[in-house]
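Student: A structural model of the following input is requested.
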Amino acid sequence: MILPKFSVRQDNDRVYVTIHVAHVRTTSIELDIDGDQLKFSASPYYLRLTFPGKVVEDEDSNAKFDAGTGDILVTLSKQTPGEHFENLDLLTSLLATRREQANVATNAARPLIEEIGTVDNSGGIDELLERARIDEDFDWEMPQQLDLGELQVGSAKYGFNQQYTGYLTHVHSTANEINEVVDPDHSTPDSRRQHRIACENAKFDQEYYMENYLNDEDIQPLIKHPLSTDTLLDPEFTATEQQTMVNLPSKTLLISNKQAVYLGMVDLLFAYSLELRSHLGELTIESAWAIGAVSSTLSNLEQFSTLRETCVASYRRGLAYTLYRHWDLCERAMDDVRVICQNGRRAILKVFLDLKRVFDEHDVYYVYSKLFLDDYCVWLQVGASDEVLKSLADKLAHIEVEQEEVEWDLDALEDRVLMSSDSEAEEEEKEEEQEAQEEPTRRPLIEML
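Tutor: Numbers count the residues shown, from 1 in each chain. Sure, this is the predicted structure:
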């Protein structure tokens, strides 16, 4: 069966579903209303939607077929007039079954992604998440120790929720300039982290940093550029974005480390925000590489344990791999991440749909959509918690990354720049004074007699 294109909207008393089906016979159309579900079939199309509330089939309900456009407009009355159905434009969540929606609502960890492995709640993450839903008191600094003992050589897992393997077997024979892992399918989380840090240390350029620190005329406008909050406060999904959500893979997943998923999201949001801010709100043809290079999640298949280490790694890569390498620019980008998280999963989903578009359009880097972005786009609709995201935003508002934490002695570099600048200024001033003293006294053209 084929899943048709569809859209959903509502007013105070009704829900309107527009279903696009080409070249079907009206006699083959079947509609079934069952509480919170609408089932539609018209060979070869089939659609099942599960709404956040119940609908009824009454005298105001109807279905109209426009043969010219191939659209069927289904009008359904709400069982409780005036009730607002949340997130009707998160189309993937509407495609979930009742069981899947119930499991998400009760934090039973069955969002619409592929089920791989077993649940590991030994760290108490479920309890922390549940507490975060109630009082936003998530312990973002609680370390999540990786179990390296079960990892066998040649069976390395990476990607969203560490559930993929084999995708990067031949990565070095492609033009993939994002990946820094030497042998992804024979790596361990610890080896990837050590190699990432070594790559960052080798990549950091003291002269580049000092030059950007001293001559920041081009960087200050980027720092001062306002973040567009219009789409964040009430993001409207375009028709293309809605179709992207419909086309996302429908699989189920048991997330084994929820905190790591949230922290990977922060890492990706930072890389996206820094790239967007570096070009005054625009993305470029090089943005896929630039975002991937800054993101530890993509470039080194990193899985973070605490928010602080996530932020430190983001700053390190923001100062080593970008066009503009400035501490204040990194701080501004991290504040953008806070604002996006504060506005909830709809705003974050908007960002991740854009990330998916950027990587999907690249001949090589599309693999990162398969490994991370597709699943993040689904998880944000059916698994992420707005309460947890708000607690994360609150933590980001209070966390301060110190320059000493990046381990590159940035204070000393900045002092060297300032001292050198002062010395040059003093030298220029002395030269000007000397030139003024050596200048001969000019005689007037006509002498007074």
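Student: Share the number of residues neighbouring the residue nearest to residue 262 when sequence neighbours are not counted, please.
Tutor: Distance criterion CB to CB, 6 or more residues apart in numbering; nearest residue to residue 262, sequence neighbours excluded, is residue 392 at 6.2 Å. Placement of C-beta: from N, CA and C, glycine included. Per other CB atoms under 10 Å, the neighbour tally for residue 392 reads 25.
Student: in the helix or strand encompassing residue 392, what's buried?
Tutor: When elements are assigned from DSSP states H and E, residue 392 belongs to helix 386-398. Neighbour-count burial for helix 386-398 flags 387-396 (criterion: 16 or more other CB atoms under 10 Å).
Student: which residues of the stretch 301-449 of the chain score low on pLDDT?
Tutor: For the stretch 301-449 of the chain, residues meeting the criterion pLDDT under 70 lie at 421-449.
Student: so where do the helices sit in the stretch 151-300 of the chain?
Tutor: Remark: helices assigned in the stretch 151-300 of the chain by DSSP state H, counting those that start in this stretch are 189-203, 206-214, 220-224, 230-233, 239-247, 258-278, 287-294, 296-299.
Student: need those in TSV with distance to residue 414 and mean neighbour count, can you?
Tutor: Listed next are those as TSV, based on distance: least, CB to CB, whole Å; neighbours: other CB atoms under 10 Å:
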stretch	distance to residue 414	mean neighbour count
helix 189-203	19	16
helix 206-214	6	16
helix 220-224	16	14
helix 230-233	33	13
helix 239-247	42	16
helix 258-278	20	25
helix 287-294	22	24
helix 296-299	25	28
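Student: Of these, which is nearest residue 334?
Tutor: Of all the helices of the stretch 151-300 of the chain, helix 258-278 sits nearest to residue 334, with 6.0 Å by CB to CB.
Student: quick one: contacts for residue 288?
Tutor: Residue 288 is in contact with 358-359, 361-362, 365, counting by CB atoms under 8 Å, 6 or more residues apart in numbering.
Student: give me that answer again for 7 Å
Tutor: Neighbour list for residue 288: 358-359, 362, 365 [criterion: CB atoms under 7 Å, 6 or more residues apart in numbering].
Student: And residue 206, by the same measure?
Tutor: residue 413.
Student: excluding its backbone neighbours, what's nearest the one residue sitting closest to the centre of the chain?
Tutor: Centroid check for the chain by CA atoms, centre = their mean gives residue 269 as the closest residue, at 4.0 Å. By the measure of CB to CB, 6+ apart, the closest residue to residue 269 outside its immediate chain neighbours is residue 337, 4.5 Å from it.
Student: just checking, that neighbour touches residue 267?
Tutor: No - here residue 337 does not reach residue 267: they are 9.3 Å apart, not a contact under CB atoms under 7 Å.
Student: close enough to count as contact, residue 163 and residue 156?
Tutor: No - with contacts counted by CB under 7 Å, residue 163 stays clear of residue 156, the gap being 11.8 Å.
Student: So if I had to pick from those two, which one is more boxed in?
Tutor: residue 156 (23 against 19).
Student: contacting residues for residue 316?
Tutor: 200, 406.
Student: next one: residue 358
Tutor: Shown in contact with residue 358 (CB under 7 Å, 6+ apart): 283, 287-288.
Student: which SSE is it in?
Tutor: Residue 358 belongs to helix 344-360, assigned by DSSP H and E.
Student: Quick one: the strands in the stretch 1-150 of the chain, in order.
Tutor: Applying DSSP state E, counting those that start in this stretch to the stretch 1-150 of the chain gives strands spanning 5-10, 14-20, 30-34, 37-42, 45-50, 55-56, 62-66, 71-78.
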